[in-house]
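Engineer: Predicted structure and sequence below. I'll ask about it afterward.
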Amino acid sequence: MKTAVFGAVTAVGLVLSTGSVAAQQTFISIGTGGVTGVYYPAGGAICRLVNRDRAEHGIRCGVESTGGSIFNINAVREGELEFGVAQSDWQFHAFNGSSRFEEQGPFEGLRAVFSLHPEPFTVVARADAGISSFDDLSGKRVNVGNPGSGQRGTMEVVMEAMGWTMSDFSVVSELPAGEQATAMCDNNIDAIVYTVGHPSGAIQEATTACDTVLVNVDNDTIRALVEDRDYYRMATIPGGMYRGNADDVTTFGVGATFVTSDDVPEEVVYQVVKAVFENLEQFRALHPALAILVPEEMASDGLSAPLHPGAERFFREAGLID
Ligand code: GLU
């Protein structure tokens, strides 16, 4: 643990006029994603619940907008962030040292805290681009996502399975999630990809700023990918959620998960989990994509790294795991 970043600091400046010394303060940061995604508001919701009880536990929680899943896992690994939100596929690969994490090797200290909302692999195209299925992306102008984002990593896995390289697209851009809707609606690109919960501000923006279609990502290659991998499942984006997209869309998806490292003390993780689970009703109300969360599923779904002992303690006490 890098104590410089994560030390429990006694705030000398907070000596109260009564002469009593303020309780020890511990600072924690959560790495999220773009501000129009769901990770950022979800991280904000976690911090809000944690900070409410700060006087009792002394933990002060802050949220950071970042490049996404892979960035967050690497920052937790470096001790630069205590917590991060990450796709279940990248949690799996980071812990096992596979796929994008092969070169770095397994992140053995990675710990699961709980899972959050489902994240369908979402492809949105301009209505005039002639894209009606995922296969039609070939030859088109596509934003594949910024390096470090979950969607970029997952897109590369899918491209490899499809036998595509970047040169199969006529234009490739690497814009972060928050910039891609504008680029598409300005007609600089034909399609965008985003692994994200629904509804999200980013997809709302893309579907209202110009005429679009949500594209089915369903073919034999995708079905085979899902069949072979526990962290993927087929997913539906319900029709009627976004302007101009009345029909259900079939794609595959992952789950958003909340992760930390074994360097973060048990008591800190315990208090964070407690703040969320004891106020779940409020947590669910803080973003519509979180509304469907169920405690039993949050304690187990999509968690391939071992549970952090602080999370395990709370889940046992709450009867969510045996
Ligand atoms: N799944 C995206 C990623 O891992 C982020 C989605 C969001 O910010 O809600 O980068």
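Structural biologist: That came in fine, so what should we check first? Numbering: from 1, shown residues only.
Engineer: Helices along the stretch 51-200 of the chain, start to end?
Structural biologist: Using DSSP state H, counting those that start in this stretch, the helices found in the stretch 51-200 of the chain span residues 54-57, 69-77, 88-96, 150-162, 177-185.
Engineer: Of these, which is nearest the ligand?
Structural biologist: helix 150-162 (2.3 Å; Cβ to the nearest ligand atom). All C-beta spots, glycine's among them, are computed from the backbone N, C-alpha and C.
Engineer: Go through the closest one and flag the buried ones.
Structural biologist: Going by neighbour count (16 or more other Cβ atoms under 10 Å), the buried part of helix 150-162 is 150-159, 162.
Engineer: would you turn these into TSV with distance to the ligand?
Structural biologist: Formatted as TSV, the buried residues of helix 150-162 follow (distance: Cβ to the nearest ligand atom, whole Å):
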residue	distance to the ligand
150	2
151	6
152	8
153	8
154	8
155	11
156	13
157	13
158	14
159	17
162	20
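Engineer: Name the nearest of those relative to residue 66.
Structural biologist: The nearest member of those to residue 66, counting by Cβ to Cβ, is residue 150 at 11.0 Å.
Engineer: Test my guess that the closest one contacts residue 71.
Structural biologist: No: with contact defined as Cβ atoms under 8 Å, residue 150 does not count as touching residue 71 (9.3 Å).
Engineer: Can you tell me the SS state at the closest residue to residue 177 other than its chain neighbours?
Structural biologist: Excluding its sequence neighbours, the residue lying closest to residue 177 (Cβ to Cβ, 6 or more residues apart in numbering) is residue 34, at 4.0 Å. With DSSP: H, G, I helix; E, B strand; the rest coil as the basis, the three-state label of residue 34 is coil.
Engineer: As a markdown table, the buried residues of helix 150-162 with distance to residue 183 and pLDDT would be great.
Structural biologist: Listed next are the buried residues of helix 150-162 as a markdown table, based on distance: Cβ to Cβ, whole Å; pLDDT from 0 to 100:
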| residue | distance to residue 183 | pLDDT |
| --- | --- | --- |
| 150 | 19 | 98 |
| 151 | 15 | 98 |
| 152 | 15 | 98 |
| 153 | 20 | 98 |
| 154 | 20 | 98 |
| 155 | 16 | 98 |
| 156 | 20 | 98 |
| 157 | 23 | 97 |
| 158 | 21 | 98 |
| 159 | 19 | 98 |
| 162 | 23 | 98 |
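Engineer: Closest to residue 258 out of these?
Structural biologist: Closest to residue 258, out of all of these and judged by Cβ to Cβ, is residue 150, at 13.6 Å.
Engineer: Tally up the residues packed near the nearest residue to that closest one once chain neighbours are set aside, please.
Structural biologist: In this structure, residue 150 finds its nearest non-sequential neighbour in residue 69, 3.4 Å apart by Cβ to Cβ, 6+ apart. Residues near residue 69, counting by other Cβ atoms under 10 Å, number 35.
Engineer: cool, residue 43 as well?
Structural biologist: For residue 43, the neighbour count with other Cβ under 10 Å is 27.
Engineer: buried residues in the strand or helix carrying it?
Structural biologist: Here residue 43 sits within helix 39-52, counting by DSSP states H and E. Residues of helix 39-52 classed as buried: 39-50 (neighbour count, 16+ other Cβ under 10 Å).
Engineer: returning to that earlier point: now render the buried residues of helix 150-162 as JSON lines, adding distance to residue 122.
Structural biologist: Below are those laid out as JSON lines (distance: Cβ to Cβ, whole Å):
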{"residue": "150", "distance to residue 122": "12"}
{"residue": "151", "distance to residue 122": "8"}
{"residue": "152", "distance to residue 122": "14"}
{"residue": "153", "distance to residue 122": "15"}
{"residue": "154", "distance to residue 122": "11"}
{"residue": "155", "distance to residue 122": "11"}
{"residue": "156", "distance to residue 122": "16"}
{"residue": "157", "distance to residue 122": "16"}
{"residue": "158", "distance to residue 122": "12"}
{"residue": "159", "distance to residue 122": "16"}
{"residue": "162", "distance to residue 122": "17"}
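Engineer: Please list the residues outside stretch 289-306 that contact it.
Structural biologist: Contacts to stretch 289-306, defined as Cβ atoms under 8 Å, 6 or more residues apart in numbering, come from residues 38, 42, 45, 88, 91-92, 94-96, 110-112, 114-117, 197-200, 230-231, 254-255, 257, 259, 277, 280, 283-285, 311, 315, 318, 320-321.
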